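K.L.:
take this sequence and fold it.
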Amino acid sequence: MKVTQWLATVAALSTLAACSSPYPLFTSDGRQTTMVDCTGADWNLCQQRAQALCPSGTFDVIDRRDDSSGRGLLVACKAPKTPAQ
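P.N.:
Purely as a prediction, here's the structure:
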């Protein structure tokens, strides 16, 4: 009985988490997105945080938020360039 309750709770929480996410988890080309929060700072800090987050240091800005709830960038890291062989 406890296993059934646990599974029901996990399913309910998973559903709520999926519905409450304001941004997609992946871009249309399959790259994962990340919200970089820089509330209270300037856009340069957002850029620096996104660069530090991405292994290649390069990223695409998917969305930009600057409103009463805060400031941030939704980014998707670009793949590192591989050397030509």
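
K.L.:
rest of the way, CA atoms for contacts and neighbours
P.N.:
OK.

K.L.:
who's in contact with residue 60?
P.N.:
75-78 (C-alpha atoms under 8 Å, 6 or more residues apart in numbering).

K.L.:
could you do residue 61 as well?
P.N.:
Counting by C-alpha under 8 Å, 6+ apart, residue 61 makes contact with 73-76.

K.L.:
give me the contact list for stretch 62-72.
P.N.:
Taking contacts as C-alpha under 8 Å, 6+ apart, the residues outside stretch 62-72 that touch it are 35-40, 46, 73-76.

K.L.:
farthest pair in these?
P.N.:
With distance counted by C-alpha to C-alpha, no two of the contacts of stretch 62-72 lie farther apart than 40 and 76, which are 22.3 Å apart.

K.L.:
compare those two (neighbour count), which wins?
P.N.:
Between residue 40 and residue 76, counted using other C-alpha atoms under 10 Å, the more crowded position is residue 76 (24 against 10).

K.L.:
the more buried one against residue 32, yeah?
P.N.:
Yes: the pair residue 76 / residue 32 is scored as a contact, 5.9 Å apart, by C-alpha atoms under 8 Å.

K.L.:
which stretches in this structure count as strands?
P.N.:
Secondary structure of the chain (DSSP state E): strands at 33-37, 59-67, 70-77.

K.L.:
in TSV, list those along with mean pLDDT and distance to residue 53.
P.N.:
Converted to TSV, these look like this (pLDDT from 0 to 100; distance: least, C-alpha to C-alpha, whole Å):
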stretch	mean pLDDT	distance to residue 53
strand 33-37	93	9
strand 59-67	94	9
strand 70-77	94	8
